[in-house]
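Asker: Generate a structure from the sequence data that follows.
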Amino acid sequence: HKERDREGKALKKELLHLLSQLKKSLKTVESMTESIRKELEKRFGDRLSQFSTGIDIDPQRVAQEVAVALDKCDIREEISRLDEHLSMFQSLVDNDSEPRGKKLDFYCQELLREFNTIGSKSSQAKLTQTVVDAKSIIEKLREQVQNIE
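Answerer: Residues are numbered from 1 along each chain as shown. You can find the predicted model right below:
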């Protein structure tokens, strides 16, 4: 019984450590959202300026196209869901009184899904690298969660 308690405390410590790393990854992703948007706007502006002045361009149409493209790259919704999933994961780890292995595994799947979506929307190497790092942390979390009832 004593050994099981020791293992449980060590496992909880490892889960909290990994969760902390994942939260740092999310903060890094959050910090990049504005620069990603600005980079896309600049890229569109650069492309538009390449057109010769003789071409008739409908500014409203261009604005719509830019809005659609920016929307496809918007990761704010994924960030919000990740934040919620991390909070739920944290509360499950902190609650020692109930079986929670399946729930923690479910949240690992959800975390992975949101980071995959961010990765698929990524146009920046630094963001892609952060996503890869986060996915690696999630895999470590999943391995540890397999040891929980």
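Asker: secondary structure element for the residue nearest in space to the middle of the chain?
Answerer: Centroid-nearest residue in the chain: F115, 3.8 Å away (criterion: C-alpha atoms, centre = their mean). In this structure, F115 is located in helix 101-121 according to DSSP states H and E.
Asker: The next helix or strand after that helix vs helix 101-121, what angle?
Answerer: Downstream of helix 101-121, the first helix or strand assigned by DSSP H and E is helix 125-145. Computed by axes from the mean of the first three to the mean of the last three C-alpha atoms, to 10 degrees, the angle separating helix 125-145 from helix 101-121 equals 170 degrees.
Asker: Go ahead and confirm the residue nearest to the centre of the chain touches I137.
Answerer: No: counting by C-beta atoms under 8 Å, F115 does not reach I137; the two are 9.3 Å apart. (Glycine included, C-beta is placed from N, CA and C.)
Asker: which helices and strands sit right next to the lowest-mean-pLDDT helix or strand in the chain?
Answerer: Of all the helices and strands that make up the chain, helix 59-73 has the lowest average by mean pLDDT, DSSP states H and E, namely a mean of 79. Counting contacts by 3 or more C-beta pairs under 8 Å, 6 or more residues apart in numbering; DSSP states H and E, helix 59-73 is packed against helix 2-50.
Asker: Tell me the gap between the helix it packs on and the middle of its chain.
Answerer: Computed by C-alpha atoms, centre = their mean, to the nearest Å, the chain-centroid distance of helix 2-50 equals 6 Å.
Asker: picking up where we left off before, contacts for the least confident helix or strand of the chain?
Answerer: 36-37, 40-41, 44, 48, 121, 123 (C-beta atoms under 8 Å, 6 or more residues apart in numbering).
Asker: can you pick the most crowded of these?
Answerer: Using other C-beta atoms under 10 Å as the neighbour criterion, I36 leads the contacts of helix 59-73 with 20 neighbours.
Asker: Name the nearest residue to that one, sequence neighbours excluded.
Answerer: Distances taken as C-beta to C-beta, 6 or more residues apart in numbering place Q124 nearest to I36, at 6.0 Å, with adjacent residues excluded.
Asker: Okay, now the unreliable bits of this structure?
Answerer: Across the chain, the ranges flagged by pLDDT under 70 are 51-55.
Asker: Next, find the distance separating the residue nearest to the centre of the chain from C108.
Answerer: Per C-beta to C-beta, to the nearest Å, F115 is found 11 Å from C108.
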